[in-house]
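Student: Turn this into a model:
(chains A and B)
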There are 2 protein chains.
Amino acid sequence: MILTKIGSIIKQNDNFAIISHFSPDGDAIGSSLALYNMLIENGKSVDIYNQDEVPKRLKFLPYSNYIKNQLLDKKYECVFVLDCGDKDRIGNLVDIFNKTNLIVNIDHHISNTLFADINYVDSNASSVGEIIYNLLKINGFEISKNTAMCLYTSIVSDTGGLKYSNTTSMTLNIAGDLINTGINFTEINRILFNTMTKSQLKLLSKVISTLELYKNDSIAIMHVNKQMLEECGANEDDASDMVNYARDIDTVELGIFIKEVDTNKFKVSLRSKNKVDVRLIAEKFNGGGHVRAAGFTIEGDFETVKKNILEVVSKYWK
Amino acid sequence: MILTKIGSIIKQNDNFAIISHFSPDGDAIGSSLALYNMLIENGKSVDIYNQDEVPKRLKFLPYSNYIKNQLLDKKYECVFVLDCGDKDRIGNLVDIFNKTNLIVNIDHHISNTLFADINYVDSNASSVGEIIYNLLKINGFEISKNTAMCLYTSIVSDTGGLKYSNTTSMTLNIAGDLINTGINFTEINRILFNTMTKSQLKLLSKVISTLELYKNDSIAIMHVNKQMLEECGANEDDASDMVNYARDIDTVELGIFIKEVDTNKFKVSLRSKNKVDVRLIAEKFNGGGHVRAAGFTIEGDFETVKKNILEVVSKYWK
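Tutor: Predicted coordinates for the structure are as follows:
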C-alpha cells in the first residue's frame, strides 16, 4: 500500500522538502504545514516552499512564516509535492526536481499526471489535508494540536466549511477526530470564512447598491467598476466572490456579476441555483465553465454589454 | 436507559402529538419534523404543533406544511415536547398538557425544569436533532432520507454550520451518517446560511455604508434607522445579524450596531472577537449578555448616544 511505503520513507530519511502549488489556497498551505509540523516534531530536517506569499488569512497557521519563496542551495533525500495536478503547478520553483532523487506526489485531482517517483492520488479525498491525515494515522504518527490546526484548515478550506458536495462521512469523521485535539476550530472558521478588510466591506456595500432584478426577480445583476474599487481602496480580487450575493437572493435563479477590467472591457461571472445551465450561456459569449458557475469576457460600453447579456439570457428563460 | 424507554413508548402506542417552542428555529422545527417523519413512516397517527408559523427558510422540510398552530379537539396517548427548557416555552398551546396522560420532554438546555412525566435532557448534545438521532439509532428505527434532512437541518442550525463550540466529534460523526443517506446537504446549507431577501440585501448595503471606525480601526460602528428600513422594504428582524459584519473586519476587535427602535430610542448590540468582555460594557448601560455578545437599550438623540457609547468603550481600551 502506497501510504505505508511513504510512511517508511519518512521513517528512514532525515532531510525533506515540501512544496505546493503557486497561488496557494487553504489546502495547499494547510496540508504542507501539517506535514511540516509532523516531520519537525519527529526530529526531521525540513524546508517548506511555495512560489508565492502565504495569503494573509492563513498566516495564523503554525510555522507559516517558515515558508520560503526561493530554493536553497541544498539537496534533499525526499521532496513532497502536494496538491499539484501536474509539474507546472509548482511554478518557478520547479527546479526543486533537480535537488533530490526521490519525489513523492500526493494529490486529490483526478487529472493528476503522475509526474513523480511515487504518486498517491485519491480523487475521493475532499482535500490533500484528508490524505495527509490518513498518511499519519496509517503509519502511527501522532497528530499534535499544531498539525491538527493545519489539517482542519486544509479540509474546511477545500469543502467550503464542510458544505460542498466533496464532503463525505469520512471527511466529517476526520474533522471530528481533529477537533478532539482541542484546536479552536470556531476561531479558525471565523478567520477563514468571516473575515473582510474594511475595503472589501465598503466595496460590498457599493456593489449591492448596483443591484438590478429582472424576470420577476429571478435574475439579479450587480457590477463593479474601477472607480468603485478606487473609492474603497480595494482591488479586483476583493470583488471576486460578490457574485454569490446576487445568486443568494431568495427569489433569484441566476446571478450575474459584471466586472470592469479595462475601458469598455468586462469580465462576467454567472452563478445559477438549480435550473439554468450557465455554461451554455457563457459559451454563447465564447466563455466556459460549469453548470452552476461559468464566465466570459466581453467588450463594449457598459449599458450595451448589459443589454446584450440580458437578451441572450432571456432565451434560456421559460 | 431513558431513550430505550421512550423507544418502547413509541412502539407500544399509535397516537402521538409533537410540539416545540414558540418563535421556532431550525432545531425546534427540524427535530419535530424528524420525529414526525419517522413516526408516520412507522404507521403512527401524529399531529405536529407550534404556536408560530414555520420560518420561510425552513419550509423546504418534508411535511413542514402539516404543522398546526391551533390544538385539535383530540386526546393523545403521548405528547412529545421538544427543545423547550420549560413549559412556558410552548406558548399559547400549553393546553396540550391536558390532552394526554403522558408527556415526554426531550431537550438539550442544561436549565431544563424537568416538567414532564418522562424527561430526557442531554446538555452535551449540540441540538435536539442530535438526541433524536440517538433515540432512533438506539431503538433500531430506520433513518429515511426525509428524516435525515430534518435531523441534518436541526444540527447545522444549532451549530452555525458545524462551526460553533457546541460541535463535538459525535456531532460530526452523526452529520456524516446523515449525509450518507444521500440528502442534498449542499442545498440545505445554501438555504439555511446563504439566503437573503432583496430587502435584506439592500438594507445590508445601506447599513455598511454607515460604517465608522475608531481606535486604529479596532472599533467598528454601524447603524440602522426606521427610514432605512422603509426605503428597503425591510423590517427590524432583517437587520438582526448585521452586527457581525462590523465585528468581522480583519482589524476590528469590537463591533457595535445601533438600531433605532423608536424616536430617540436605540437597541445596541456589541460583539467582540478575542479580548473585550462586552458584557461589562453592556452592564454599564443596564444591559447584559455574554463575554463576546451583549446588548442594551439607550435613549437620546443618535449623535449623543453614539458619543456616549464611545466614551464608555474607550475606558476598556488599552
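Student: What strand or helix carries A:G295?
Tutor: A:G295 is part of strand A:293-299, with elements assigned from DSSP states H and E.
Student: lowest confidence element among the helices and strands of chain A?
Tutor: Among the helices and strands of chain A, strand A:288-289 carries the lowest confidence by mean pLDDT, DSSP states H and E, at a mean of 92.
Student: Which neighbouring elements make contact with that one?
Tutor: helix A:278-284, strand A:293-299 (3 or more CB pairs under 8 Å, 6 or more residues apart in numbering or on different chains; DSSP states H and E). From N, CA and C alone the C-beta is placed, and that goes for glycine too.
Student: which outside residues touch the last one?
Tutor: So that's strand A:293-299. Under the contact criterion CB atoms under 8 Å, 6 or more residues apart in numbering or on different chains, strand A:293-299 has outside partners A:261, A:264-271, A:278-279, A:281-282, A:285-289, A:305, A:308-309.
Student: Which of those residues are buried, as a PyMOL select command?
Tutor: Remark: buried members of the contacts of strand A:293-299, expressed as a PyMOL selection using 16 or more other CB atoms under 10 Å in any protein chain shown:
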select buried, chain A and resi 266+267+268+269+270+271+278+279+281+282+285+287+289+305+309
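Student: all helices for the stretch 201-318 of chain A, in order.
Tutor: Taking DSSP state H, counting those that start in this stretch to define them, one finds helices in the stretch 201-318 of chain A at A:226-232, A:243-247, A:278-284, A:302-315.
Student: Let me know whether whichever helix or strand A:T153 is part of sits next to chain B.
Tutor: Per DSSP H and E: A:T153 is located in helix A:145-158. No: on the criterion CB under 8 Å from any CB of the partner chain, helix A:145-158 is out of touch with chain B, staying 8.8 Å away.
Student: quick check: angle from the very next helix or strand once past that helix to helix B:169-179?
Tutor: Downstream of helix A:145-158, the first helix or strand assigned by DSSP H and E is helix A:169-179. Inter-element angle recorded for helix A:169-179 and helix B:169-179: 170 degrees (by axes from the mean of the first three to the mean of the last three CA atoms, to 10 degrees).
Student: returning to that earlier point: closest one to A:K215 among the helices and strands packed on strand A:288-289?
Tutor: Among the helices and strands packed on strand A:288-289, helix A:278-284 comes nearest to A:K215, with 13.8 Å by CB to CB.
Student: list the helices and strands that closest one packs on?
Tutor: Going by 3+ CB pairs under 8 Å, 6+ apart, helix A:278-284 lies up against strand A:265-272, strand A:288-289, strand A:293-299, helix A:302-315.
Student: ok, now which ones touch the residue nearest to A:I208 when sequence neighbours are not counted?
Tutor: Among residues not flanking A:I208 along the chain, B:S205 sits closest, at 3.6 Å (CB to CB, 6 or more residues apart in numbering or on different chains). Each residue near B:S205 by CB under 8 Å, 6+ apart is listed here: A:204-206, A:208-209, A:211.
Student: picking that back up, out of the helices of the stretch 201-318 of chain A, deepest packed?
Tutor: Highest mean neighbour count among the helices of the stretch 201-318 of chain A (mean count of other CB atoms under 10 Å in any protein chain shown): helix A:243-247, with a mean of 22.
Student: List the contacts of that one.
Tutor: A:204, A:207-208, A:211, A:220-222, A:252, A:254-257, A:269-273, B:194, B:196, B:201.
Student: 6 Å - rerun?
Tutor: By CB atoms under 6 Å, 6 or more residues apart in numbering or on different chains, the surrounding residues in contact with helix A:243-247 are A:220, A:222, A:255, A:257, A:269, A:271.
Student: What is the nearest of these to chain B?
Tutor: Distance to chain B across the contacts of helix A:243-247 (CB to the nearest CB) is lowest for A:A220, with 8.0 Å.
Student: Which strand residues bridge the closest one?
Tutor: Counting by DSSP bridges, A:A220 forms beta bridges with A:L213, A:G255.
Student: pLDDT score for A:K318?
Tutor: A:K318 carries a pLDDT score of 70 in this model.
Student: and it, how many neighbours?
Tutor: 5 (other CB atoms under 10 Å in any protein chain shown).
Student: show me what contacts A:D158?
Tutor: A:27, A:126-127.
Student: List just the nearest of these to B:F141.
Tutor: A:S126 (30.0 Å).
Student: Just give me the neighbour total for the closest one.
Tutor: What A:S126 shows, counting by other CB under 10 Å, is a neighbour count of 27.
Student: care to break chain A down by domain?
Tutor: A:2-193, A:198-315 (automatic domain parsing).
Student: Let me know which of these is tucked in deepest.
Tutor: domain A:2-193 (a mean of 20).
Student: Quick one: end-to-end distance for that domain.
Tutor: Terminal residues of domain A:2-193 lie 34 Å apart, using CA to CA, to the nearest Å.
Student: what's the angle between the helix holding A:T153 and helix A:169-179?
Tutor: 150 degrees.
Student: Only alpha carbons, please: show helix A:145-158 as PDB.
Tutor: In PDB, the C-alpha atoms belonging to helix A:145-158 read as follows (Å, rounded to 0.1, in the frame of the first residue of the first chain):
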ATOM      1  CA  LYS A 145      -2.600  20.200  18.100                       C
ATOM      2  CA  ASN A 146      -0.400  22.200  15.600                       C
ATOM      3  CA  THR A 147      -0.700  19.500  13.000                       C
ATOM      4  CA  ALA A 148      -4.500  19.300  13.600                       C
ATOM      5  CA  MET A 149      -4.900  23.000  13.100                       C
ATOM      6  CA  CYS A 150      -3.300  22.700   9.700                       C
ATOM      7  CA  LEU A 151      -5.200  19.600   8.700                       C
ATOM      8  CA  TYR A 152      -8.500  21.100   9.800                       C
ATOM      9  CA  THR A 153      -7.800  24.300   7.800                       C
ATOM     10  CA  SER A 154      -7.000  22.200   4.700                       C
ATOM     11  CA  ILE A 155     -10.200  20.300   5.000                       C
ATOM     12  CA  VAL A 156     -12.600  23.100   5.700                       C
ATOM     13  CA  SER A 157     -11.000  25.300   3.100                       C
ATOM     14  CA  ASP A 158     -11.500  22.800   0.300                       C
END
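Student: circling back: can you list which of the contacts of A:D158 are found in strands?
Tutor: Taking DSSP state E, every one of the contacts of A:D158 sits outside strands.
Student: quick check, nearest of those to chain B?
Tutor: Closest approach between the contacts of A:D158 and chain B, by CB to the nearest CB: A:S126, at 11.8 Å.
Student: Next up, the contacts around the closest one.
Tutor: Here A:S126 is in contact with A:158-159, A:166-167, A:171 (CB under 6 Å, 6+ apart).
Student: how does it look with 8 Å?
Tutor: A:108, A:155, A:158-159, A:164, A:166-168, A:171.
Student: what does A:D107 give?
Tutor: A:D107 neighbours (CB under 8 Å, 6+ apart): A:81-85, A:119-121, A:128, A:131.
Student: from the residues you listed, which ones fall inside helices?
Tutor: A:128, A:131 (DSSP state H).
Student: Can you add distance to chain B and pLDDT and give the contacts of A:D107 back as a markdown table?
Tutor: Output for these, formatted as a markdown table (distance: CB to the nearest CB, whole Å; pLDDT from 0 to 100):
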| residue | distance to chain B | pLDDT |
| --- | --- | --- |
| A:V81 | 30 | 98 |
| A:L82 | 24 | 98 |
| A:D83 | 22 | 97 |
| A:C84 | 26 | 97 |
| A:G85 | 23 | 95 |
| A:N119 | 28 | 98 |
| A:Y120 | 23 | 98 |
| A:V121 | 23 | 98 |
| A:V128 | 20 | 98 |
| A:I131 | 18 | 98 |
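Student: Could I get the contacts of A:D107 in JSON lines, plus columns for distance to B:A234?
Tutor: Formatted as JSON lines, the contacts of A:D107 follow (distance: CB to CB, whole Å):
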{"residue": "A:V81", "distance to B:A234": "51"}
{"residue": "A:L82", "distance to B:A234": "46"}
{"residue": "A:D83", "distance to B:A234": "43"}
{"residue": "A:C84", "distance to B:A234": "47"}
{"residue": "A:G85", "distance to B:A234": "45"}
{"residue": "A:N119", "distance to B:A234": "54"}
{"residue": "A:Y120", "distance to B:A234": "52"}
{"residue": "A:V121", "distance to B:A234": "49"}
{"residue": "A:V128", "distance to B:A234": "43"}
{"residue": "A:I131", "distance to B:A234": "46"}
